[in-house]
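Asks: A structural model of the following input is requested.
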Amino acid sequence: MAEPKVTKKPEMKQIRLPRKGANDDNYELVGLNGKMYQVPCGKTVEVPAAVYELLIRQQNARDALLDAQESIPNEG
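Replies: Numbering: from 1, shown residues only. Below is the predicted model:
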C-alpha cells in the first residue's frame, strides 16, 4: 500500500506593505514557483517566507532606485 503524501506547511512571516496612491492598486502581486500571491497594502498579513523575501528585495530595489535618482543632478 502506498504511503500518504505528506505536505509540509511553509514557514510564514508577517509583513505590512505601505499604502499606495489613490489611483494605484492597493496590493502587490508576487509570483513564486508558478503560484501567484496577492498581498494587500496597508494591512499586516502572513505570507510564506519565500514571498516575504521577494517583497523585501523588491522594496530594497525601489529604495535603491529612488536614492540613485535623487543623486543625479537636476539640469534645467
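Asks: Would you map the strands across this structure?
Replies: With DSSP state E as the criterion, the chain has strands at 12-16, 27-32, 35-40, 44-48.
Asks: Of these, give the one that comes closest to Leu54.
Replies: Shortest distance between Leu54 and the strands of the chain, using CB to CB, is found for strand 27-32: 5.4 Å. For every residue, glycine as well, the C-beta is placed using N, CA and C.
Asks: Would you mind giving the strands of the chain as CSV with mean neighbour count and distance to Pro73 added?
Replies: Conversion of the strands of the chain to CSV gives the following (neighbours: other CB atoms under 10 Å; distance: least, CB to CB, whole Å):
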stretch, mean neighbour count, distance to Pro73
strand 12-16, 13, 35
strand 27-32, 14, 32
strand 35-40, 12, 36
strand 44-48, 14, 39
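Asks: Generate a markdown table for the ones you listed, with distance to Ile56 and mean pLDDT as supplementary columns.
Replies: Conversion of the strands of the chain to a markdown table gives the following (distance: least, CB to CB, whole Å; pLDDT from 0 to 100):
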| stretch | distance to Ile56 | mean pLDDT |
| --- | --- | --- |
| strand 12-16 | 8 | 97 |
| strand 27-32 | 11 | 93 |
| strand 35-40 | 12 | 96 |
| strand 44-48 | 11 | 97 |
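Asks: among those strands, which is nearest Ala2?
Replies: Distances from Ala2 to each of those were compared using CB to CB; the shortest belongs to strand 35-40, at 25.8 Å.
Asks: mind listing what that closest one pairs with, with the direction of each?
Replies: Strands adjacent to strand 35-40 in the sheet, as given by DSSP bridges, are strand 27-32 (antiparallel).
Asks: chain center to the partner strand: distance?
Replies: Strand 27-32 has its average C-alpha position 6 Å from the chain's average C-alpha position, going by CA atoms, centre = their mean, to the nearest Å.
Asks: Now it - C-alpha only, CSV.
Replies: Taking C-alpha atoms only, strand 27-32 is exported to CSV below (Å, rounded to 0.1, in the frame of the first residue of the first chain):
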residue,chain,number,x,y,z
TYR,A,27,-1.9,45.3,-3.4
GLU,A,28,1.3,43.7,-4.7
LEU,A,29,1.3,40.6,-6.9
VAL,A,30,4.1,38.2,-6.4
GLY,A,31,4.7,35.1,-8.5
LEU,A,32,6.6,32.2,-7.0
